[in-house]
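K.L.:
Sequence first, predicted model second:
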Amino acid sequence: MSELLRMENITKVFPGVKALDGVSLTVKAGTVHALMGENGAGKSTLMKCLFGIYRPDAGRIRLDGKDVEFRSTKEALDGGVAMVHQELSQAMRLSVMDNMFLGRIPLVWRHLPFVSEMELYKRTREVLDELGMDIDPRAPISSLSVSKRQMIEIAKAVSYRARIIVLDEPTSSLNEAEAEKLFGIIELLRSRGCGIIYISHKMDEIFRIADEITVMRDGRYITTRPKYDITMDEIIRLMVGRTLEERYPEKSNELGEELFSVENLSSESAGLSEISLSLHRGEILGIAGLDGSGRTETLECIFGLRRHGGILRVEGRVRDIRSPRAAIGAHIAFISEERRQNGIFPVLSVQENTVISSLKKFNTGPLLSSSRMRAATMDGIKKLRIKTPSEKARIKNLSGGNQQKVILSRWLLTEPEVLLLDEPTRGIDVGAKYEIYKLIIGLAEEGRGIILVSSEMGELLGLCDRIAVLSDGTLSGILTREEATQEKIMRLASGEKV
Amino acid sequence: MNIFKRGISSIKERTLEKGRRIRDGARSFIEADTGEKIKRATSFALDNAMYIIILLAIVIIAIMRPRFLSAASIINIISLTAAKLPIALGVGGAIVLSGTDISAGRAVGLTACITASLLQSTGYSGKMFPALGTLPIPLVILIILAVGAVIGLVNGFFVAKFKLHPFIVTLSTQLILFGAVLLYLQIGGNGGQTLSGLAPSYTSFISGALFTVAGIPVPRYVLYSVLITLAVWVIWNKTTLGKNMFAVGSNEDAARVSGVNVFMTVVLVFMLAGMLYATSGFIEGARIGSIASYTGLNYESDAIAACVIGGVSFVGGTGKISGIVIGVLLLQIIFVGLNFLSVDQNMLYIIKGLIILLACAVDMRKYLKRA
Amino acid sequence: MRLLKAISFIILFALTLTLFSSCGGGGDGEVSVFYFTYSDTYISGVKGAMDAALRREGIAYHNYDANGNQSTQTEQIDTAIAKGSRLLIVNIVDTGSDDAAKTIVEKARAAGIPLIFFNRSVSESVVKSYDKCCFVGTDYEMAGVMQGELIGRYLLDNYSRYDINGDGKISYVMFKGQQGNLEAEARTRYAVSEANKLLTAAGKSALSFYDRSNSNGYLVDQDGMWSNAAANNYMKTILSAYSEGGGNMVELVIANNDEMALGAIAALNEAGYNKTGGRTIPVFGIDATEAARARIDSGAMAGTIKQDGVGMSETIVKIARNLIDGRVALEGIDSESTVGDWRVNIPYSAYTKEG
């Protein structure tokens, strides 16, 4: 197999941080190359250097034996390098075909600025058919599920005839069936001689599809090995610099009296009907379901972000929750799946991001006490082991996992009884995941109730005391920890009764 | 006392930290190779372009026209800055919310008209309300603040309730306010005339001498402006409203999810802005000596420019009071300085435009760099 | 990023260039001239003449544009005084009250600098309150009076021709430059009243405002800028509702200045009037700007009142020379046009096609 891409000694310095320190990566044609490392290890930065978003301070990039230096994503795309980002940035109001051909829309005649809709449709259709995707090219992006939107990004990469395709956490928002489909497409691309750089934290996936594995840690290159020459434990050890005994921490939470319940929750806008759940003190209640089954929407209703019908009770009292403020008043906290959209305040500091939901606590008379806010922030940084240069750093300069921890820290300050966690470990590395699991269990042990939405079956099985399964906006069953298996959950999720 | 001590020690700490940073920066700069040096020097120059320009400008102007640094000239610049500051502080809040407020100038105009009409001397023949006498100044201040707050309430309500872009909302209120000014000037047979004959107690309250430096009086409104700035600094940095304002400006959805009352925050920020315009309107009458329908016209453009130059970004969620003060000061230094250099007036407009453009580009550069 | 650097450097370069290139005049002891607005055609004409006269006299000067805002002008005067100006020549913005002028007089007095107000009127008491102050301008009521007389004579010359619908009355529209401006008020009032005097003396009925429901008897530039555009917009709106066919066509247009008159003519032209060969609605302005004179010569405009901008500039510069050389302000000025020791009146004259 011939060498397709070689990145040599790439170094990238940001103010105060050396994000990459002489990292090298070689990808052969017709292989899937897994790039692994904890959050903040520099994987995304390395890929952004390749893709022309950042310009490396040192090092060189060779593509097909030629030195290249992309100055923009457009140049990278034209040069045969495509990237599917972890957090999708698409023009939501535009159609599938517009998104796919954005920046190179076919014209009726190349000297006239008129778009050929027909040509656009035809070419989009071709690419989608080629990949076996059943999506209408004219549908607006906003009408599609996250997984479909991701497929379209991949289709876009294919349509550029890219030789190198970078997939950054492609399955983080996909369910198992969708992930299967993705692997099929990856297989197809590999057989065509593409080089695929695959970034993921999911070990089972890596061992299924990768040919070679490169591990990074703290902005440095650690090793590259063929898949058959390395074990899962070894990878984890190399990634975190220590061994992890188990993937899920020991559970010792005990269930108490009923803390929270919802009766006949319905919402027209979210397509939910008559969902009833109850949550006990110290309990971790999982919510499983396919994409679009209404998991996130259920949490949004409980948190007052959506209009809804039904009766909510917290600690036995009926609560009318119509806004997040009312929910917070009822000691409910919500960590959303869309961190960037409604989680972080990107340009504000870690401190401001931490204290925003509990400013009342820091009032001394009419004024806020900076020292107490700082103390609370530092406390959170220490407790949750948040990696940040200081409490004054802008949160957008932190890695995804650390941003998530800041948000968790924010909610812990509100002293919640009920925590609604929507994919809390999405896009977070193994080491940090374990910490977050421990934290979740710790919260349950303190007698709080936790509702956990997750697409990762292992996570639900490993953490939850009970698992409620949604299917098409209705509750199709609740399984106890003892009865729950992957297969049962899948059957309930697809609407079968058990 | 304790707060003081803590304040001083925190300032000390910050100064030390800054010193350390500069030292570290200098050391690593010296150690870098030539190419790197040039790259970093240009980057430094671009990041601090506004300050470098202003420093250069001051030095050049002072060399060519030594009078530029005379007491009279410096007091002139300080007075001008003090007069423009409250408006800029108000607009600054709206920009932090990632909006803007173009009704500022007309709001100043209306409140200035009301102030002047209520504070005309009793004997003045053209008095708008002859029966009213001259109202006590504190009462007028309260009335004016209430008017400003109502203007802000209207702006904020439409922005927050109907999710309209502040530009559209304030464009509308700008027109409405101008209409109100014209109507107001017709009251009591005034017939659209300029309002003047202001009570001496009022003019001396605003432009009387606070103290004199080298025989040049410093007007009282400089002090008021300083107090207002301090108050706004406290609101921005030490209150829930301030923190919520930055949160809403940075990410409105996240603010909502975090339990911030977005509606109230937006309304209060605009009300605060309205009250700041009102204080400006209050000062304006005595400062200029008369108030007409054009009073306040286009004040918002200078205020917006000052905010942008001072680093209050249209991206939302960023901005500092100190930046706004510097922005207003820089604009005044440049305008006065260019007049000292006898630069053609026509060129002044062009230079003003270029400065704003440059400031915005430099500002955006900070965002592009780490995007 | 490279592009941004390039742009930044270009802007920096441009700024430095203007800084250096503009350092001609002397700092101390220059004469400061403050104009109400550069946007006004008549004022920029005066400015051109004044610049030439000052340069000829070898007097260093610097111009300021208040852009129609008294606050701006007052601030500029502060700056000029701080800069060390030796003489202030002020075309004041706010003519609606004395206070703005008083403020300026106080500033000049405090600095001990002589002060010449020009063009836009300042009341006698204010000018007289400071011994180093004088006023050069026109008897502001005269412009309106002369315009009224010109209109009266013009109409009587061929009354039936201008009375388009033959109802025995001339319907007119009046464009006012600014609300609350003394000159605008006077022009608006006297142009109509003086014309009516002549008409009624000749047995004709008085002028009637085209829109009965408008009790003001004028349309005003809402922005107070005496602008071409404002009059043009009004005129277009009028022409869309009033026409010869409807028997209610506007038969006379009076404007406070030439700019507004020209705006009205542009609208009339669009509607097919005031072109060679077609029907011409008489339009009157004031100022006698270049453009207006050209229109009068071609027949598109009926007449204007000439305010002698060049003469005014010459007089101001003469006074400036006197003050600089330490002589009495009005020494050597034609005594016919002086009022006491505080005022010089620049005479008006009518300008029509006949001359």
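P.N.:
Happy to help now that I have it.
K.L.:
hey, let's count contacts and neighbours off CA atoms from now on
P.N.:
Will do.
K.L.:
residues near residue A:104, how many?
P.N.:
9 (other CA atoms under 10 Å in any protein chain shown).
K.L.:
Now do the SS call for it.
P.N.:
coil (DSSP: H, G, I helix; E, B strand; the rest coil).
K.L.:
what's the first-to-last distance across stretch A:284-298?
P.N.:
Taking CA to CA, to the nearest Å, stretch A:284-298 runs 16 Å from one end to the other.
K.L.:
Give the rounded mean pLDDT of that stretch.
P.N.:
The average pLDDT for stretch A:284-298 rounds to 88.
K.L.:
which element is the residue nearest the centre of chain C on?
P.N.:
The residue lying closest to the centre of chain C (CA atoms, centre = their mean) is residue C:42, at 5.5 Å. Using DSSP states H and E, residue C:42 sits within helix C:41-57.
K.L.:
remind me which residues of chain B are low pLDDT?
P.N.:
Applying pLDDT under 70 to chain B flags the ranges B:1-12, B:14-15, B:18, B:25, B:29, B:32, B:50, B:189, B:191-192, B:363-371.
K.L.:
what's the residue of it found nearest chain A in contact with, if anything?
P.N.:
Closest residue of chain B to chain A, CA to the nearest CA: residue B:254 (3.7 Å). With contacts defined as CA atoms under 8 Å, 6 or more residues apart in numbering or on different chains, the neighbours of residue B:254 are A:341, A:342, A:343, A:344, A:345, B:247, B:248.
K.L.:
Tell me the secondary structure of residue A:311, please.
P.N.:
Per three-state DSSP, residue A:311 ends up strand.
K.L.:
wait, it sits on residue A:274?
P.N.:
No: checked against CA atoms under 8 Å, the pair residue A:311 and residue A:274 is beyond contact range at 10.4 Å.
K.L.:
shared neighbours, the two?
P.N.:
Joint contacts of residue A:311 and residue A:274 (CA under 8 Å, 6+ apart) are A:263, A:264, A:265.
K.L.:
Return a ChimeraX selection command for the buried portion of the residues you listed.
P.N.:
In ChimeraX syntax, the buried subset of the shared contacts of residue A:311 and residue A:274 is picked out as below (16 or more other CA atoms under 10 Å in any protein chain shown):
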select /A:264,265
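K.L.:
Looking at the shared contacts of residue A:311 and residue A:274, which one is closest to chain B?
P.N.:
Using CA to the nearest CA, the shared contacts of residue A:311 and residue A:274 come closest to chain B at residue A:265, 20.0 Å.
K.L.:
Confirm that the closest one lies within a strand, as I assumed.
P.N.:
Yes: assessed by three-state DSSP, residue A:265 belongs to a strand.
K.L.:
residues touching whatever residue of the stretch 101-250 of chain C ends up closest to chain A, list them.
P.N.:
Relative to chain A, the nearest point of the stretch 101-250 of chain C is residue C:229 (36.3 Å; CA to the nearest CA). Contacts for residue C:229 (CA under 8 Å, 6+ apart) come out as C:260, C:263.
K.L.:
quick one: it is in a helix?
P.N.:
Yes: assessed by three-state DSSP, residue C:229 belongs to a helix.
K.L.:
so what are the domain limits for chain A?
P.N.:
Using automatic domain parsing, the domain parsing of chain A gives A:3-240, A:258-493.
K.L.:
near chain C at all, the longest one?
P.N.:
No: for domain A:3-240 and chain C, the contact criterion (CA under 8 Å from any CA of the partner chain) is not met; the two come no nearer than 10.2 Å.
K.L.:
And that domain, end to end?
P.N.:
Per CA to CA, domain A:3-240 runs 29 Å from first to last residue.
K.L.:
now the last one
P.N.:
The first residue of domain A:258-493 is 26 Å away from its last residue (CA to CA).
K.L.:
ok, how many other residues are close to the residue in the stretch 151-300 of chain B positioned nearest to chain C?
P.N.:
Among the residues of the stretch 151-300 of chain B, residue B:193 lies nearest to chain C; the distance is 4.2 Å by CA to the nearest CA. When neighbours are counted by other CA under 10 Å, residue B:193 registers 24.
K.L.:
what comes up buried for stretch C:182-193?
P.N.:
C:182, C:183, C:184, C:185, C:186, C:187, C:188, C:189, C:190, C:191, C:192, C:193.
K.L.:
what about that stretch and chain B, touching?
P.N.:
No: counting by CA under 8 Å from any CA, chain B has no neighbours in stretch C:182-193; the shortest distance is 8.9 Å.
K.L.:
Quick check: which element contains the residue nearest the centre of chain B?
P.N.:
Centroid check for chain B by CA atoms, centre = their mean gives residue B:88 as the closest residue, at 1.7 Å. Per DSSP H and E: residue B:88 is located in helix B:71-96.
K.L.:
Does the spatially most distant residue from the centre of chain A belong to a helix, a strand or coil?
P.N.:
Ranked by distance from the centre of chain A (CA atoms, centre = their mean), the top residue is residue A:111, with 42.7 Å. What three-state DSSP gives for residue A:111 is coil.
K.L.:
can you pull the pLDDT of it?
P.N.:
70.
K.L.:
now it: how far from chain B?
P.N.:
33 Å (CA to the nearest CA, to the nearest Å).
K.L.:
Burial check on residue 238, number of neighbours?
P.N.:
No chain was given, so I picked chain A. For residue A:238, the neighbour count with other CA under 10 Å is 19.
K.L.:
ah, no, chain B please
P.N.:
The number of residues near residue B:238, taken as other CA under 10 Å, comes to 19.
K.L.:
for the residue nearest to the centre of chain C, what are its contacts?
P.N.:
C:287, C:289, C:309.
K.L.:
list the contacts for the residue nearest to the centre of chain B?
P.N.:
B:300, B:302, B:303, B:304, B:306, B:307, B:324, B:328.
K.L.:
least reliable of the domains of chain A going by mean pLDDT?
P.N.:
domain A:3-240 (a mean of 84).
K.L.:
quick check, residue A:18 in a helix?
P.N.:
No: read with three-state DSSP, residue A:18 is strand and lies in no helix.
K.L.:
What's opposite it in the beta bridge?
P.N.:
When bridges are taken as DSSP bridges, the partners of residue A:18 come out as residue A:13.
K.L.:
tell me the pLDDT at the residue in the stretch 151-300 of chain C that chain B sits nearest to?
P.N.:
Here the stretch 151-300 of chain C gets closest to chain B at one residue, residue C:180, 4.2 Å apart by CA to the nearest CA. Residue C:180 is assigned a pLDDT of 73 by the prediction.
K.L.:
what's the answer for the one 3 residues further on, then?
P.N.:
Per-residue confidence at residue C:183 stands at 82 (pLDDT).
K.L.:
these two touch, right, it and residue C:140?
P.N.:
Yes: if you go by CA under 8 Å, residue C:183 and residue C:140 touch, sitting 5.9 Å apart.
K.L.:
Need the overlap of contacts for those two.
P.N.:
With CA under 8 Å, 6+ apart as the test, residue C:183 and residue C:140 both reach residue C:121.
K.L.:
one step back: and the residue of chain B closest to chain A, how far is that from residue C:44?
P.N.:
55 Å.
K.L.:
Tell me, how many residues neighbour residue C:132?
P.N.:
Around residue C:132 there are 20 residues (other CA under 10 Å).
K.L.:
ugh, wrong one, I meant residue B:211
P.N.:
Count around residue B:211 with other CA under 10 Å applied: 12.
K.L.:
swap in the one 10 residues further on?
P.N.:
Look at residue B:221: counted by other CA under 10 Å, it has 24 neighbours.
K.L.:
so it makes contact with residue B:83?
P.N.:
Yes: counting by CA under 8 Å, residue B:221 touches residue B:83, with 7.4 Å between them.
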